[in-house]
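Enquirer: Make a model of this:
(one chain, ligands or ions: 2)
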Amino acid sequence: MEKRHRFSAWYILIGIWIVLIVQNIIFSMTQTQVIPYSEFLRLLKEDRITEVSVRSNQIQGKMKSQDHSGGDVLFRTIKVDPEISDLLDEHGVKFRGEIESTFLRNLFSWLFPIMMWIGIWYLVMKRMSGQQPGFMTLGRNRAKIYMEDEVNVTFEDVAGVDEAKQELVEITDFLESPERFTQLGGKIPRGILLVGPPGTGKTLLARAVAGESRVPFFSMSGSEFVEMFVGLGASRVRDLFVQAKEKAPCIIFIDELDALGKVRGFGGPVGGHDEREQTLNQLLVEMDGFDPSVGVILMAATNRPEILDPALLRPGRFDRHVLVDRPDKAGRKAILKVHLKNITCEENLDTDVIAGMTPGMVGADLANIVNEAALLAVRKNRDRVTMQEFGEAVERVVAGLEKKNRLINPEERRIVAHHEMGHAVIARALPGTDPVRKISIIPRGIAALGYTMQVPTEDRFLMKKSELLNKICTLLGGRAAEEIVFSDISTGAHNDLARSTDIARSMVREYGMSSKVGQVCFAREKQGQFLDLMQGRAQEYSEATARLIDAEVREIIDGQYRRALKILTGNRPVLDSGAVLLLDKEKIEGAELEALMDRVTSAG
Ligand SMILES: Nc1ncnc2c1ncn2[C@@H]1O[C@H](COP(=O)(O)OP(=O)(O)OP(=O)(O)O)[C@@H](O)[C@H]1O
Ligand SMILES: [Zn+2]
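Expert: Ligands and ions are numbered 1, 2, ... in the order given. This is a model prediction of the structure:
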């Protein structure tokens, strides 16, 4: 209701303005004859003009009407020449000069645009804050911090992200009794950064931590901090911490931390990054200033950790990072179970099938599917949601996501599965390569469709030639598998090729590992390169050597590729059964991976 009152004032003002304009038009149309200047001069000479007022560029007045009824008619003409007063005198016309009254016109030509701007700005403000700022409360911003005294989300509502959950359990222990925790000498984290793709449940997790430990939850979005007015963002941060300390123990959650915490001096195309910097600085100051033992835990979420200002990630700030990754098939099944609790489904609904239909999807997508399916059932007047609706719902959501390029199709999945298995089999077959810990075809980010995680067993300072060659062979394993299985190759190996070429090139140019090029090192200090270029200093080897280097790099890579093909052909059964398993589970690790890898023979 209040909103309507406020807006009616605008309507009244605009109304008045329109009425005035319309009045003006009607007046000039009905009452006044507009005549050409020459006509005016003629009438003047005929002594039919009785009275005029002269304005800067127009003459208004009365003239005797043509029909001799004796009445006067109003007229108006444009253009005034300087001798007009003499002429008027000559014909004995009463006249007065008039400075045009432009007050009203000016008022409206100025006031209206200003009013428009205030109106637009007001709407923008409202959108940005999601609330009614009102004119009087502009400087104050307490209202924009969302505070929930009681959060009714628990860890049970979050599924499929068990690793992240485990890491956060400790935080709930701390929040439940901060004193006891510190007495026992526990080290309290100050800031926890939840990192993961959109929709994986970062916000949900943060709320669950608050819900589990029954503490208030303050939340704000990074993009909301970045206000239009300099200084407002910083004062908001201050406000947020003041309020949080009063309510401790509690959680402060900042969503979209990247909007606020981009590397400084990395402003967008529109100005105003000064404002963002001020806000960020204030956040850093507050983070350094508060004593975590009072029981305020700062959590933040981002899906672009790489653009964050390193200052934010320093020890004592957001130094604890929790990965909230896309769920695998089992995870998706668990998430579906959570959301299915809220709707009535047919009795033996197979969540396994739905989970299988939704590779690459995140929690938010799955929540969306459940919701969509329920709506479809309502539309069909069903009393429960059946598999058929879920099928349709999945199709709809998939279509939406495909537009956004977020899903890979079944054919691509098959290629990716064999590609990743190719890496894994070779890594296992060759001695001295890092053991494979995890193979996954859950897409991460935009670039990498799948990945094979190799974890080094020890820190290394020296690499032997044979090890470097094995590494290249492992990198080429992905493409080799594609060629063997599909007799075709894909662009998915781009990064692998780049990395193996780098290694091969370094072997030849820097480590003297090619007998044809010899024990020489052509690498120069990186920082010198730019200067060399500026001074036109040539490369330090001849054209012929350059060609030799290129040939040697090719030779190394081709040799390793042939080796990869041979190893994979010898291990074809493992390659195929591994890919099938991967397509089903999307992620293989632990004992299952061991069992699979034990079948790999090194005989290449
Ligand atoms: N792991 C999950 N378990 C259950 N539900 C989930 C999960 N992840 C997401 N959802 C559902 O999706 C909704 C949106 O998730 P949420 O806002 O927490 O994602 P987010 O990672 O914070 O995304 P964004 O980065 O876009 O803010 C949640 O309210 C919940 O209904
Ligand atoms: Zn690869």
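Enquirer: Spit out the contact partners of Ser466.
Expert: Gly432 (CB atoms under 8 Å, 6 or more residues apart in numbering). C-beta coordinates here come from the backbone N, C-alpha and C atoms, glycine included.
Enquirer: Quick check: which element contains it?
Expert: Counting by DSSP states H and E, the element that carries Ser466 is helix 465-486.
Enquirer: mind listing what's buried in that helix?
Expert: 467-485 (16 or more other CB atoms under 10 Å).
Enquirer: pLDDT at the nearest residue to Glu482 once chain neighbours are set aside, what is it?
Expert: Leaving aside its chain neighbours, Glu482 sits nearest to Ile489 (5.1 Å; criterion: CB to CB, 6 or more residues apart in numbering). pLDDT for Ile489: 91.
Enquirer: how much space between Ile489 and Ala427?
Expert: 20 Å (CB to CB, to the nearest Å).
Enquirer: And the next helix or strand past the helix holding Ser466?
Expert: Downstream of helix 465-486 (by DSSP H and E), the next one is helix 494-509.
Enquirer: Residue numbers of the protein in contact with ligand 2?
Expert: When proximity is defined by CB under 5 Å from the ion, the chain lies next to ligand 2 at Gly478, Asp496.
Enquirer: The one residue in the chain that gets nearest to ligand 2 and ligand 1, how far apart?
Expert: Proximity of the chain to ligand 2 (CB to the ion) peaks at Gly478, 3.3 Å away. For Gly478, the distance to ligand 1 equals 30 Å [CB to the nearest ligand atom, to the nearest Å].
Enquirer: Next, the contact list for that residue, please.
Expert: Neighbours of Gly478 in contact, by CB under 8 Å, 6+ apart: His419, Glu420, Gly422, His423, Gly492, Ala493, Asp496.
Enquirer: Apart from its neighbours in sequence, what residue is nearest it?
Expert: His419 (4.0 Å).
Enquirer: Top of the contacts of Gly478 by number of neighbours, please.
Expert: Gly422 (32 neighbours; other CB atoms under 10 Å).
Enquirer: Report pLDDT for that residue.
Expert: At Gly422, the model reports a pLDDT of 95.
Enquirer: Any buried residues in stretch 215-223, and which?
Expert: Val215, Pro216, Phe217, Phe218, Ser219, Met220, Ser221, Gly222.
Enquirer: Is it correct that the fifth one falls within a strand?
Expert: Yes - using DSSP: H, G, I helix; E, B strand; the rest coil, the assignment for Ser219 is a strand.
Enquirer: what bridges to it?
Expert: Assessed by DSSP bridges, Ser219 has beta-bridge partners Tyr146, Phe253.
Enquirer: hang on, isn't it packed against Lys202?
Expert: No - using CB atoms under 8 Å, Ser219 is not in contact with Lys202; the gap is 11.6 Å.
Enquirer: list the residues that contact both of those two?
Expert: Asp255.
Enquirer: can you pull out the helices in the stretch 301-450 of the chain?
Expert: 310-313, 329-340, 351-357, 363-379, 387-403, 410-429 (DSSP state H, counting those that start in this stretch).
Enquirer: quick revisit: tell me which of Ile489 and Ala427 has more neighbours.
Expert: Ala427 (23 against 15).
Enquirer: Surely that one touches Gly477?
Expert: Yes - the pair Ala427 / Gly477 is scored as a contact, 7.3 Å apart, by CB under 8 Å.
Enquirer: and Lys337, what does it touch?
Expert: Ala159, Thr351.
Enquirer: please redo it, this time with the cut-off set to 10 Å
Expert: Ala159, Gly160, Thr351, Ala355 (CB atoms under 10 Å, 6 or more residues apart in numbering).
Enquirer: same deal with Asp173?
Expert: Per CB under 10 Å, 6+ apart, neighbours of Asp173: Arg180, Phe181, Gly186, Glu212, Ser213.
Enquirer: cool, and Phe290?
Expert: So Phe290 contacts Arg190, Phe241, Ala244, Lys245, Ala248, Ile252, Val296, Leu298 (CB under 10 Å, 6+ apart).
Enquirer: Torsion angles phi and psi at it?
Expert: phi -90, psi 150 (degrees, to the nearest 10).
Enquirer: Can whichever strand or helix holds Leu193 be said to contact ligand 1?
Expert: If you go by DSSP H and E, Leu193 is part of strand 191-195. No - counting by CB under 6 Å from any ligand atom, ligand 1 has no neighbours in strand 191-195; the shortest distance is 7.6 Å.
Enquirer: confidence score at the residue of the chain found nearest ligand 1?
Expert: Using CB to the nearest ligand atom, Gly363 is the residue of the chain that sits closest to ligand 1, at 2.0 Å. At Gly363, the predicted lDDT confidence score is 92.
Enquirer: Enumerate the beta-bridge partners assigned to the nearest residue to Val93 once chain neighbours are set aside.
Expert: Sequence neighbours aside, Ile49 is the residue nearest to Val93 in space, at 5.1 Å (criterion: CB to CB, 6+ apart). With DSSP bridges applied, Ile49 shows beta-bridge pairing to Met63.
Enquirer: okay, now Ile49: neighbour count?
Expert: For Ile49, using other CB under 10 Å, the count is 25.
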